[in-house]
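A.B. asks: need coordinates for the following:
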Amino acid sequence: MPSNYQQGDVISLTFGFLDRPGVGNFQIIRVLPVNEKGQRQYRVRGADGRERAIEAHQIRSRSKSLSEI
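C.D. replies: Predicted structure coming up:
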């Protein structure tokens, strides 16, 4: 399954995390393998510096500005 996003892309999310809202931009740090449900996964980093794993369906859109991270 090809990836729609690449390492370095800046995205916004459709959800929040338990410890932080999903507001703002997140940079894709690494493209991960497809999971058992057939969803592409990504490792992302937000403005707080924490890395998280997300699935492709959780991405709202690609952002244009790296300076907002």
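A.B. asks: flag every buried residue along the strand ranked longest in the chain.
C.D. replies: Determined from DSSP state E, the single longest strand within the chain is strand 26-32. Across strand 26-32, burial judged by 16 or more other Cβ atoms under 10 Å covers 26-28, 31-32. Backbone N, C-alpha and C define where each C-beta goes, glycine included.
A.B. asks: can you show me the strands along this protein?
C.D. replies: Going by DSSP E, the chain shows strands at 10-13, 26-32, 41-45, 51-55, 59-62.
A.B. asks: which residues of the protein score low on pLDDT?
C.D. replies: Along the chain, segments meeting pLDDT under 70 span 1-3, 15-23, 63-69.
A.B. asks: just to revisit the earlier point, who's in contact with the longest strand of the chain?
C.D. replies: Residues from elsewhere that reach strand 26-32 (Cβ atoms under 8 Å, 6 or more residues apart in numbering): 3, 5-13, 40-46, 51-54, 66, 69.
A.B. asks: skipping adjacent residues, who's closest to D9 in space?
C.D. replies: Nearest non-adjacent residue to D9, counting by Cβ to Cβ, 6 or more residues apart in numbering: I28, 4.8 Å away.
A.B. asks: burial check on R60, number of neighbours?
C.D. replies: If you count neighbours by other Cβ atoms under 10 Å, R60 ends up with 11.
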